[in-house]
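In: Got a predicted structure here, sequence first:
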Amino acid sequence: MQVNSFNSPLKNRYFSGTGSIGGIHLPDFNDKYVFSKQKSGTSDKEYRKLIREQAYQDFAKGQFQNKSEGFNRLMKSYTMEVSPDRKGIIASGLKAVSRNRQNVPKPIDFVATLLEGKVKYQKLPSGNNDYIEFYDKNGEMVATYSNTGWTMYTTNAETSRQTKMCMLYNEAWGNAKRGIPLAGEESVNAENPQNPFDAKA
């Protein structure tokens, strides 16, 4: 069974129509794989209910995890509860880069500390290649930009939360497959807790 399809970086993506800072297009924060801090006001208990309901709906449609738009929307909302402020970090970082590289004809390399983290910028010697790394306040890399586009990196907190959602979802999806009604699914799990993953997987 698939544990987590969101855990790898989103690599080499170009975004258009997103605005730009210093000539660099911003990522699309509406993209299903681009997370930035946002509190929904939904409790963990409410999320558990929503995740189970989504699993049953997806099973009924023959869908699983990221093949379902409902799952993707729920994963984004659930993850962003613990996400760093990527939007703010990237915007502040690009502004710092833009200020620093003005009127600098030769390759440059600098580090700027931001309110929510820091940015490392390198102007590579060949052509107009830029390489920028964005870090949150915990020192975890959250994004990079280069001439090949944007790459987003999940933090430890995001990875942990995504794994937790997938475990809840997989267990409920398995119960739906076994024909256990959703109304009784939670009590079944409480009486007979089980690891939803095959040890051989």
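Out: Cool, got the structure.
In: Could you list the low-pLDDT ranges of this structure?
Out: For the chain, residues meeting the criterion pLDDT under 70 lie at 1-17, 103-107, 126-128, 184-201.
In: List phi and psi for the spatially closest residue to residue 108 that is not a sequence neighbour.
Out: In space, residue 108 comes closest to residue 123 once its chain neighbours are excluded; the distance is 4.7 Å by Cβ to Cβ, 6 or more residues apart in numbering. (Each C-beta comes from the backbone N, C-alpha and C, glycine too.) Backbone torsions of residue 123, given as degrees, to the nearest 10, read phi -100, psi 110.
In: What residues does the residue most central in space within the chain make contact with?
Out: Closest to where the C-alpha atoms of the chain average out (Cα atoms, centre = their mean) is residue 35, at 4.3 Å. By Cβ atoms under 8 Å, 6 or more residues apart in numbering, residue 35 lies in contact with 76, 79, 80, 83, 86, 152, 154, 158.
In: Where does the spatially closest residue to residue 169 that is not a sequence neighbour sit: helix, strand or coil?
Out: For residue 169, ignoring the flanking residues on the chain, the nearest one in space by Cβ to Cβ, 6+ apart is residue 55 at 4.7 Å. State at residue 55, reduced to three classes by DSSP: H, G, I helix; E, B strand; the rest coil: helix.
In: Count the neighbours of residue 55 for me.
Out: Residue 55 sits with 29 neighbouring residues when counted by other Cβ atoms under 10 Å.
In: One more: residue 148?
Out: Using other Cβ under 10 Å, residue 148 has 13 neighbouring residues.
In: Would you list the phi and psi of it?
Out: According to degrees, to the nearest 10, residue 148 has phi -90, psi 0.
In: where do the strands sit along this protein?
Out: When secondary structure is read from DSSP state E, the chain shows strands at 10-13, 20-21, 24-25, 109-114, 117-123, 130-136, 141-146, 149-152.
In: mind listing what's buried in the fourth one?
Out: Using 16 or more other Cβ atoms under 10 Å as the test for burial, strand 109-114 gives 112, 114.
In: Run me through the strand neighbours of that strand, direction for each.
Out: Strand 109-114 pairs in its sheet with strand 117-123 (antiparallel), by DSSP bridges.
In: With just CA atoms, put the longest helix along the chain into CSV.
Out: Taking DSSP state H as the criterion, the chain has its longest helix at helix 156-177. Below are the C-alpha coordinates for helix 156-177, written out as CSV (Å, rounded to 0.1, in the frame of the first residue of the first chain):
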residue,chain,number,x,y,z
ASN,A,156,10.1,17.4,8.9
ALA,A,157,6.8,18.7,10.4
GLU,A,158,5.0,18.6,7.0
THR,A,159,6.4,15.1,6.2
SER,A,160,5.2,13.8,9.6
ARG,A,161,1.7,15.3,9.1
GLN,A,162,1.4,13.9,5.6
THR,A,163,2.4,10.4,6.8
LYS,A,164,-0.1,10.6,9.6
MET,A,165,-2.9,11.6,7.1
CYS,A,166,-1.9,8.7,4.8
MET,A,167,-2.0,6.2,7.6
LEU,A,168,-5.5,7.4,8.7
TYR,A,169,-6.7,7.4,5.1
ASN,A,170,-5.2,4.0,4.2
GLU,A,171,-6.7,2.4,7.2
ALA,A,172,-10.2,3.8,6.4
TRP,A,173,-9.8,2.9,2.7
GLY,A,174,-8.9,-0.6,3.7
ASN,A,175,-12.0,-0.8,6.0
ALA,A,176,-14.2,0.5,3.1
LYS,A,177,-12.7,-2.3,0.9
